[in-house]
Every structure is written in C-alpha cells, then in structure tokens.
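[1] Have a look; sequence and predicted model below, questions after that.
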Amino acid sequence: MPLIKIDLPQRLVLPGAIFFLIALLTILEVPMLSFSNGLVIYPQDDGYIRMAIARNLANSGVWGLSPHEFSNASSSILYPILLAGAFKIFGVQPVIPLLVNLLAAVGVIITLQRWLKQQGIIPFYQLLILMAIIYLTPLHIMVMDGMEHTLQIWLSLFFLLAFFEWKSQEKNAAGKYPAVPWRLCLYGALMTSIRYEGLFLVGVACVFLLLRRKWMAAALLLIIALVPVALFGMYSMAHNGYFVPNSMLVKAIPLPLNADTIGTFFKESIVNKLLYPYPTKGNVAANRLLILIPLVYGHYFPSLKTNRLYRHIIYFSLSITFLHLIFASAIQFYRYEAYLVACSLVIPAVLLAKEGIPLFYIKSNSARCIVAWAMIFLLYPFFSRSWAAYEEAGDGLLHEYQYSYQAANFLHRYYNDATVVMDEVGMASFLSTGRKLDLLTGIAYTETTRARVEGTIPVGYLNYLLKKEKVVIAFIAENNYHPMLRQGWTKVAAWYTDVKLPSGGEVDIFAVEPAAVSSLRANLKAFQATMPVGVRVNYF
C-alpha cells in the first residue's frame, strides 16, 4: 500500500494538474513575450516549417514552403492540415499552434486522469502522477514547441490504453474474444498521420494480435493505419518527391541508400544504438527505459502476474522503446522521445502509487544505499532531460527571435519573392513567399535530398543548383560551406548574438550575385535600426 495518504478532493485533481502545466508554461512564455513585445515565438525552426506549409495549403492549395512548388518537408501529415484549417477559419495567426498544443495537452491530462481513476488510484496520487508525467515528458515544452508532438502523445495514449483495455477482456459466452473496436483502427490511422513513429505502436499491436491468432484484426489495423502514409507517399511521388518526408531521409534513414550502408546499419548500428547510445540527454533517458521497465516488471511481478492489463502494457512499452532507439533519430532537442517517455512511465507510476517505493521495504541499510544509488542512476537522466529541455527551449526562443525572426522580417521587407540560401528556412518561409533553399541538409530542398540519398554532394553540383535557382543572397553559417562554393560570393555583413548555437552565435550574410552587393548592404543598414538589443552587426 502507499506509504502516504492525503485526503485530496477528486474535484481538485484536474484543475491542479492543468494549473501546474500552465505555471510551467508561464515561467518561459511570459519573459519571452515581454522581450519580443508580445510576439509569439517558437523555439525551433521545424515548427515554422509546419506553419509555412499550412499557410500555403490554406492560401494557395500547395503543400510546400513556398506557394510556388511542392516540398515534402514535414514529418507530420495531419498537423499541417489541422493548422491549415485553423488558418483558413481564423486567419494566419502565429498563436494558433500554441493554442492547439495547449488544448491537446489538456486532453492528455484528462485522458490520463480518467484512466488513473478507473484503476483505483486515490486523488492525491492521481495529481502526483499527472505532475510527474507533465514534467518528465516534458509536456509544457512540447506545448511551447508548437509542433505535433503533444497531439502525438495524446493519440499514443488513446491507442495504448484502448488497445489493452480491449485486449485484456476475456472470451465471451461463445468462446470468442470481442472484435477489434473501430476506434482502434481510427486511432492507428491518426497516429501514423500525426507522426510516422505511430507505425511502431501499430506494428507492435499487430504482433500482439497475431500472437492471439487474430489474423484479420491485425491485417485490418495495419492496412487502415497505413492508408494515410500510403496516400501521402503517392501524392509526394507524383510531385517529384520521395515516398517519405525529406526530414526522415536525412535524419533517420542511413544515407546514401546503398547495400553497404544498409548492411552496416543492421550489422553495427543497431547494436551501437542500443548499447552505446548517442550522448544526448534525451537518448540516454530513452535508453534507460530498457533497464527500468524490466526492473519494474521483476519487482512487481507478483502483482503483474494477476494483472494482464499492466503486464501487457509493460511488454508493449519495452517493444516500442527498442524500435524507437533503433529506427528513430537521436537529436539534441527532446521532442522525438516525448511520446515514449509518457507511455512508458504510466504503469511504473501506477504500481508505485498502489504498492509503494521498493526502497522502503528493504531492512538492510547497506542494501538500501545500493538500491538508492541504482534508482538515482536510472531516474536522474529523466529529470536532467527535462531541465535541459527547459534551458534549451529558452535559448531556442531567443535565437528564433534574435536571428530567425529578424532574418525573416528582413527578407519579407526587401526580398519577399527572391530565392535565398539559408540554414534555417522555416520562419523565413512562413513570413515571405520566395523560395528558401537549405543546400546542406535537404529537409526543405528536394534536389539536395536527392543528392544525399544518392551519395555525396559535390561542390560543382551545388554551384549548378545556385545558378539554376537564380539565388540572390545567402543567410548562412560561413564555416559550414566549402570555400569553393562561396567563391564569387561577397560577404556583406554578419549578425552576432550571445545565444549558444551550433554555428557559434554568428550568421553570415552574402550577396551571391555581384550585382546584389550594394543594394544588400543598403538594405541591411536600413533594417538595422529595427533590430532588437542583443544583436550586433558587422559590415565587410
């Protein structure tokens, strides 16, 4: 039994959890709104990629970063469509993604609270579990990020809880298990359309169904879940894109796509990803789940032995953790594994609330010390990850305002229809209509993606693309570009900030065409008066 009981009225659980979420959001958002003069800013450029696609979809019917051409630049199919619908109704308002994510976060809290109540968790522990999951996911950072990950968490929890509540049912009077509810198939399709990682959950669910010899149910669930992926993939290929988004190709799939690279992935990369994780706090925390989940299962096995629901959710969580660590990308920011953390911590939290903390049942002091150290080792990365997410979100907000918003505003004012080379294309694409080319990554520019899929990107080919696309200017980190590529470019200015960035806090501005040098310098000097404190400009 739990060691502490506090008589908390049930009616205070939901308001308390929602207040906690909003308080965490306020800590970051209010200072940023004050700094940006009330302008809503998101901490990552990828969020603006979704917003740019949604704007063009709403206004021009084009799925792309510019209204002139298709680009498969979003890892989500459904989210830009949702934003486009909201933009169509309410106008292109930057606050809409924040509101959509806040509503989705409240949905996550309500879904979890109702399920915890069904499991007989007392109100006080319901609130503690909700607060822990909000902080450790971290749900407030996902809301502030303005992308689809809050919806991904909500749909994943919907699917997970509904699937195993159905699966834990016994055979009916006719000796048959109940048929698969239609809502499971709907949740599966929504999950895969909101994020492609939904395929992990659907795939593992299908394996569970096959083990129960429910062949038709597994086939039905898989086919319906694949429908949005297949339809959008064919739509993308019909517009000269790839079947999967460019971001998946350049971040998660081993490139170039040849026999040697694929062979190395299955021979070496899988083992390395599981045993020697990429040293980001998010990836290390996700990797710890491979240890934490089996330990929870072993310690609470007597209870789990008689509880099919909890036992199967643990199997499921462990399976999707394996798949995520192997096939998903390990990036510094903490949105990719957020759904995994939320889904995997539910059952351990419920077991702790029902049966107490293992440490308190150990009589030996030395054994307690060892177990306490093991718990710190396993759990610290989750708290460290959430705190680091808070810090990096703050830096991201400053960076997006001091650099991305200023660059986008400058381009909108002076080069609205021009073709520009940029490292970060999202906000500039959202605020202006000209084409933005990310020559090095290829997330937004399919020609670069194609070159990376096929092999390396020779400088000569990049020069060919610059001439073909009639590029006028470039906003880049100079050190990332080969000197031969920049040969013939004229460096006009550089913007400096104190925000920690991979490029070192400097953005270099080039005139790609000699004829653009004088006008670019004049425009930059005219624009400098509107730039915020904290951005320093140097002219060359």
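    That came through fine. Numbering: from 1, shown residues only.
[2] Count residues in the vicinity of Val30, would you?
    Look at Val30: counted by other Cβ atoms under 10 Å, it has 10 neighbours. For the C-beta atoms, the positions are set from N, CA and C on the backbone; glycine is no exception.
[3] Can you give me the buried ones in the helix or strand hosting it?
    Secondary structure from DSSP states H and E places Val30 in helix 13-35. Across helix 13-35, burial judged by 16 or more other Cβ atoms under 10 Å covers 13-14, 16-18, 20-22, 24-25, 28-29, 32, 35.
[4] what do you get for stretch 337-355?
    Buried positions in stretch 337-355, judged by neighbour count with 16+ other Cβ under 10 Å: 337-354.
[5] just how off-centre is stretch 527-540 within its chain?
    Centroid separation for stretch 527-540 versus its chain: 32 Å, with Cα atoms, centre = their mean, to the nearest Å.
[6] Just the C-alpha atoms of it, please, in PDB.
    C-alpha atoms of stretch 527-540 as PDB (Å, rounded to 0.1, in the frame of the first residue of the first chain):
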ATOM      1  CA  PHE A 527      16.900  47.400 -41.400                       C
ATOM      2  CA  GLN A 528      19.500  47.600 -38.500                       C
ATOM      3  CA  ALA A 529      17.600  50.300 -36.700                       C
ATOM      4  CA  THR A 530      14.700  47.900 -36.200                       C
ATOM      5  CA  MET A 531      16.700  45.100 -34.700                       C
ATOM      6  CA  PRO A 532      16.500  44.200 -31.000                       C
ATOM      7  CA  VAL A 533      19.100  44.700 -28.300                       C
ATOM      8  CA  GLY A 534      21.400  41.800 -28.200                       C
ATOM      9  CA  VAL A 535      22.100  41.500 -32.000                       C
ATOM     10  CA  ARG A 536      25.400  43.100 -33.100                       C
ATOM     11  CA  VAL A 537      26.100  43.800 -36.800                       C
ATOM     12  CA  ASN A 538      29.500  43.900 -38.500                       C
ATOM     13  CA  TYR A 539      29.900  45.000 -42.100                       C
ATOM     14  CA  PHE A 540      32.600  44.000 -44.600                       C
END
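[7] Report the mean per-residue pLDDT for that stretch.
    If you average the pLDDT over stretch 527-540, you get 91.
[8] can you list contacts of that stretch?
    Stretch 527-540 is contacted from outside by 35-36, 398, 401-403, 406, 409-410, 413-414, 491-498, 521, 524-525, using Cβ atoms under 8 Å, 6 or more residues apart in numbering.
[9] if we go to 6 Å?
    Contacting residues not belonging to stretch 527-540 are listed as Gln402, Gln406, Phe410, Lys491, Ala493, Ala494, Trp495, Tyr496, Thr497 [Cβ atoms under 6 Å, 6 or more residues apart in numbering].
[10] swap in stretch 189-206?
    76-78, 148, 151-152, 155, 159, 163, 188, 218, 221-222, 224-225, 227-229, 316, 319-320, 323.
[11] Go again with 7 Å.
    Here stretch 189-206 makes contact (Cβ atoms under 7 Å, 6 or more residues apart in numbering) with 75-79, 148, 151-152, 155-156, 159-160, 163, 188, 218, 221-222, 224-229, 248, 316, 319-320, 323-324, 328, 339.
[12] biggest helix in this structure by residues?
    helix 365-399 (DSSP state H).
[13] Of all the residues in it, which ones are buried?
    For helix 365-399, by 16+ other Cβ under 10 Å, it's 371, 378, 381-382, 385-386, 388-390, 392-394, 396-399.
[14] Tell me who's in contact with the closest residue to Ala86 other than its chain neighbours.
    Spatially, and ignoring its direct neighbours in sequence, Ala86 is nearest to Ile96 (4.8 Å; Cβ to Cβ, 6 or more residues apart in numbering). Residues near Ile96 by Cβ under 7 Å, 6+ apart: Leu83, Ala86, Phe87, Phe90.
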